[in-house]
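>>> starting from these lines, generate the structure:
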Amino acid sequence: MGINSAAQRRADIIKILSQSEEAVSASALAAQLKVSRQIVVGDVALLRAAGEQITATPRGYLLEKNQTMKNDERYIRTIACKHHLGDALARELYTVVDNGGELLDVIVEHPLYGQLSGTLKIRSRYDAKAFLDKVEEFSAQPLAVLTDGIHLHTLACDGEDSFQRIVQALAEQGILLENV
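Below is the predicted model:
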């Protein structure tokens, strides 16, 4: 493929992402564009370096305008959690979404690199299960393993009531990091 083909492919990626209401995986983009997944990953990296606001989530890529659901109208708060692997990760994710929240990200404080974060955009049981399936499929370790289970989540909720339900439910399960 020549330079024009690569430029056209990147324009097509932006077009596909801008028209999608959901995250689009690199594999789905590759199939649509008839290239390898790795080509798409490289294209997205180049697009991001050129200033395109593309976010990688566990379910695929989102263009900035599609990923936020009017966050200025949502109640955004950060919580601190602590748990180790096992069913606690699933309980944490399901508790948040079942009580009306969306997990926007996960943040840990690394001793060498400082703050590390990963975009999650988990807003339903379906999203949570897809994330948990990937953890299992890739034998992946959550960022919290770097910090003895301590991590932050930025949550988006419909209001204070939803946020308080989440906090209470996580505290009852011993997942919310409280006075240490």
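>>> the chain: strands as residue ranges?
In the chain, strands defined by DSSP state E lie at 54-57, 60-63, 75-82, 101-110, 114-122, 150-157, listed in chain order.
>>> among the ones you listed, which gets the worst mean confidence?
Per-stretch mean pLDDT for those is lowest at strand 54-57 (a mean of 85).
>>> can you give me the helices for the chain?
Taking DSSP state H to define them, one finds helices in the chain at 3-19, 26-33, 37-49, 64-67, 87-98, 125-137, 160-172.
>>> so which of these is the most surrounded?
Of these, the one with the most neighbours on average (mean count of other Cβ atoms under 10 Å) is helix 87-98, at a mean of 18. Heads up, the C-betas are built off the backbone N, CA and C, glycines and all.
>>> packing partners of that helix?
For helix 87-98, the helices and strands in contact under the criterion 3 or more Cβ pairs under 8 Å, 6 or more residues apart in numbering; DSSP states H and E are strand 101-110, strand 114-122, helix 125-137, helix 160-172.
>>> send me that helix as PDB with only the CA atoms.
The C-alpha trace of helix 87-98 is given here as PDB (Å, rounded to 0.1, in the frame of the first residue of the first chain):
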ATOM      1  CA  ASP A  87     -13.900 -12.700  42.900                       C
ATOM      2  CA  ALA A  88     -13.300  -9.300  44.500                       C
ATOM      3  CA  LEU A  89     -12.500  -7.700  41.000                       C
ATOM      4  CA  ALA A  90     -15.800  -9.000  39.600                       C
ATOM      5  CA  ARG A  91     -17.700  -8.000  42.700                       C
ATOM      6  CA  GLU A  92     -16.200  -4.500  42.500                       C
ATOM      7  CA  LEU A  93     -17.100  -4.000  38.800                       C
ATOM      8  CA  TYR A  94     -20.600  -5.400  39.100                       C
ATOM      9  CA  THR A  95     -21.300  -3.400  42.300                       C
ATOM     10  CA  VAL A  96     -20.500  -0.200  40.500                       C
ATOM     11  CA  VAL A  97     -22.600  -0.800  37.400                       C
ATOM     12  CA  ASP A  98     -25.500  -2.400  39.300                       C
END
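>>> how about the nearest residue to the residue most central in space within the chain, chain neighbours excluded?
When Cα atoms, centre = their mean is applied to the chain, the residue found nearest the centroid is residue 120 (1.3 Å). Of all residues not flanking residue 120 in the chain, residue 103 sits nearest, at 4.7 Å (Cβ to Cβ, 6 or more residues apart in numbering).
>>> wait, isn't that neighbour in contact with residue 153?
Yes. Between residue 103 and residue 153 there is a contact under Cβ atoms under 8 Å: 5.3 Å.
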